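# here's a sequence, model it:
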Amino acid sequence: MPALPESIFDVCYLVFAIVSGIRLLKYANGRKDIRLFGWMALILGCGDAFHLVPRILNYWIEGDFTAALGIGKLVTSVTMTVFYLLMEYARRERYHIKGEKPILIILWVCAIIRITLCCFPQNGWTSAEPSLLWGILRNIPFVIMGVMTVILWLRSAKQDKPLKWMWLAVTLSFLFYLPVVLWAQAIPLIGMLMLPKTCMYIWMIVMFRKTAHS
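Okay, the predicted model is just below:
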């Protein structure tokens, strides 16, 4: 994608995510599920900013942004993990789910493993050629979290009009993301799949916003 359209898209996405998060937190009116959706949107926008802002600057300012982009990807990897943890807590609040502790335990274990793996220097975050092996390893627990999220929301939100398609948005986001992890280094054009992946998160935020009126 040319620099200008991508830059405009990224800025609009970040502003939309952050503003939506603030608005959801402001108008939650004591509803814990809405408050959690607000935090999720805010964390999503702020976390992605660490990666997208250096990416935008890289288009328009001369200099080496490799390290900044790598650190941004690290931050985004952590915040996305937190995002999916909060999604489970939001599901529990919205549908008044008690128990199911094994689900929480598995999600927490996957999240801790994922974040721990992200912190290893072998990832080569600041390198121009980060480790493909470690990229795969750190995404295994993340994919498990994603699969669990899809199943749980498909089961819980069938009759919830604002969130009925949350499972599909999550599914598509992972389907767009995984080819990037596996093949983007060898075939840079595959990195363009991050655009529809981001569109899926915009769709999620739109669904979050609809819950405030339901």
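# list the buried residues for stretch 166-173?
166, 167, 169, 170, 171, 172, 173 (16 or more other CB atoms under 10 Å). All C-beta spots, glycine's among them, are computed from the backbone N, C-alpha and C.
# how about the contacts made by residue 23?
Under the criterion of CB atoms under 8 Å, 6 or more residues apart in numbering, the neighbours of residue 23 are 38, 209, 212.
# again, only this time at 7 Å
Residue 23 sits next to no residue when contact means CB atoms under 7 Å, 6 or more residues apart in numbering.
# likewise residue 110?
Residue 110 is in contact with 141, 144, 145, counting by CB under 7 Å, 6+ apart.
# for residue 81, see how far away the first one is.
Plainly put, residue 141 is 8 Å away from residue 81 if you go by CB to CB, to the nearest Å.
# what does the last one give?
For residue 145, the distance to residue 81 (CB to CB) stands at 7 Å.
# shared neighbours of those two, anything?
Joint contacts of residue 145 and residue 81 (CB under 7 Å, 6+ apart) are residue 111.
# which of those two has more neighbours?
residue 145 (26 against 23; other CB atoms under 10 Å).
# return the residue of this protein that is most distant from the centre.
residue 62 (28.8 Å; CA atoms, centre = their mean).
# helix/strand/coil for that residue?
Of the three states, residue 62 takes coil according to DSSP: H, G, I helix; E, B strand; the rest coil.
# could you pull up phi and psi at it?
Listed backbone geometry of residue 62 is phi -70, psi 140, with angles given as degrees, to the nearest 10.
# now swap in residue 30 and tell me
phi 80, psi 0.
# now residue 213
Dihedral angles of residue 213 (phi, psi; degrees, to the nearest 10) stand at phi -110, psi 10.
# not counting its neighbours along the chain, what's nearest it?
Closest residue in space to residue 213, ignoring its immediate chain neighbours: residue 162 at 7.9 Å, by CB to CB, 6 or more residues apart in numbering.
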